[in-house]
Every structure is written in C-alpha cells, then in structure tokens.
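[1] please find the sequence and the predicted model below.
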Amino acid sequence: MTGVVTVPAALFRVARARWDIDWRGQSAGDATDGGEQIVFSAFPRWRGSLDLRLSHDLARQWRAIRAAARGRVRVWRLPLVDLHAPPCAAPGGVPFSNEQPFSTGQGFAYRPFATMAAPAAAGAVEILIDEVSAEVAVGGYISHDDWPYIVVERAEVSGGVRLTLEMPLRRAIPDGAELDLYAHGLFRATSDDMGAVDTALGAGATVTVDVVEWLAR
C-alpha cells in the first residue's frame, strides 16, 4: 500500500511557488484548414514547482522526511501555498471568540474552511457553498479530500455563494462537506532525487520541489 508523507507547515518555507493544471493535451498535427488538432487522451492533473529556504535545523528535519518518502515510493501531501494570498495574513493570528490567538505552541493551527450548501456530482464545474471562516477569492485554491481546484468565478446568490471551478470535480461532494481554503493535494515526486538538500557554508539550505498530482487513489 502506498504511504503518504505529510510535510509539517513549519518546514514548508516557500520562497517561490508555481502551481498549474496540466491539461495533458497533445498535438495531433495540422488540420487541412491550417489549424492544429489537439488531443486530450489523459486526465488533467496538477503540477507543482517550488523553492524552499530552510535553516540548518529545518534542513535536517526535511532530510529525514525526504528519506521517509523513499524517492517516488510514497506520496507527498502538500499545501498549495499561494504567495499572493496567505491563509492567515492578520498579525498575531486569527482570534478565538475569547480573543486568544491561534498558536502552534498550543497545538492549534488556523484552517480556513467553507461548507457545501448543496451536493455536487463528479464532473460539475459549479458548487454552492456557505463561507464559514473566510471569503473565497477568485483565482484562489480550494480543496476537498485533498483534491485541489482553482476558483475562476464567484457570485453571491440565494442560498449561498456559487463558485465556478477548474478543473471539473474529480469526485462527488456531499451537502455539508467541508472545503479546505488552505488547499492541499497528494503528489508524486518527479524524480528520485527530488528535494535533495543543497547546503552552502554559513547559510541555510535550498530545496527544490517538483511534483505531479497522484491520481491513482
């Protein structure tokens, strides 16, 4: 059975991030009218390319996690970090109702989420949600059960907020289910040496992460 390696948020110090949907289109050559024929013969999937900047202490922890992943044997569970819109931008964290902030030292982590206001079938491109802890932004990432999506349209309607997503839903989502606004996905490394620690004397470590979404689940 394939194991899953979850990277702690403290280790995911992202300096550069590129997340994109690979639609997996292939050229079938030129048509007689001069246009190009594109064939989509495989399911689309997410690709990620990131640079991490780690202190020496964090680099050792990363090295241990990477070894546990065994190259391409195990699956990585990673957040789709959006440097344009951090999930918790308020200084000091987001307060509880008693005005005490979230603190990792207390064992809490801020996880903004929304809930489904109606069920949605696999293949749907629109969902109806209730915004619980944060407003969903156009261009932002959301996920359900570690299947990530990008929001391409947002409209306030009767009964909630209607979101248009790409790619279409890979799995059905039931009414009342939670959507993670700090999106996560399951990924495979693109090579066995992905994430190797590159350390320079007197400096921290640089780590490059290249992954493709794991679809065989």
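    That came through, no problem.

[2] use CA for all of it now, contacts and neighbours both
    Fine.

[3] what is the burial count for residue 64?
    Applying other Cα atoms under 10 Å, we find 11 residues neighbouring residue 64.

[4] wait, is it part of a helix?
    Yes - counting by DSSP: H, G, I helix; E, B strand; the rest coil, residue 64 falls inside a helix.

[5] model confidence for it, exactly?
    Per-residue confidence for residue 64 comes out at a pLDDT of 94.

[6] with residue 94 instead?
    Reading off the per-residue confidence, residue 94 sits at a pLDDT of 44.

[7] one more: the one 4 residues further on?
    With respect to pLDDT, residue 98 has a value of 42.

[8] repeat for residue 189
    Per-residue pLDDT puts residue 189 at 96.

[9] ok, residue 206 touching residue 50?
    No - shown here, residue 206 and residue 50 do not form a contact pair, counting by Cα atoms under 8 Å, at 10.5 Å.

[10] residues near residue 83, how many?
    The number of residues packed around residue 83, counting by other Cα under 10 Å, is 12.

[11] let me see the contact set for the closest residue to it other than its chain neighbours.
    Residue nearest to residue 83 in three dimensions, not counting chain neighbours: residue 17, with 7.4 Å by Cα to Cα, 6 or more residues apart in numbering. With contact set as Cα atoms under 8 Å, 6 or more residues apart in numbering, residue 17 has these partners: 48-51, 81-83.

[12] partner strands of the host helix or strand of residue 17 and their direction?
    Assigned by DSSP states H and E, residue 17 belongs to strand 14-22. Strand 14-22 has the following strand partners under DSSP bridges: strand 45-54 (antiparallel).

[13] could I have the CA atoms of the strand it pairs with written out in PDB?
    Listed next in PDB are the C-alpha coordinates belonging to strand 45-54 (Å, rounded to 0.1, in the frame of the first residue of the first chain):
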ATOM      1  CA  ARG A  45      -3.600  16.900 -13.200                       C
ATOM      2  CA  TRP A  46      -1.800  19.500 -11.100                       C
ATOM      3  CA  ARG A  47       1.900  20.100 -11.300                       C
ATOM      4  CA  GLY A  48       3.900  22.000  -8.700                       C
ATOM      5  CA  SER A  49       7.400  23.600  -8.700                       C
ATOM      6  CA  LEU A  50       8.700  25.300  -5.600                       C
ATOM      7  CA  ASP A  51      11.800  26.500  -3.900                       C
ATOM      8  CA  LEU A  52      12.100  26.200  -0.100                       C
ATOM      9  CA  ARG A  53      14.600  28.200   2.000                       C
ATOM     10  CA  LEU A  54      15.400  26.300   5.200                       C
END
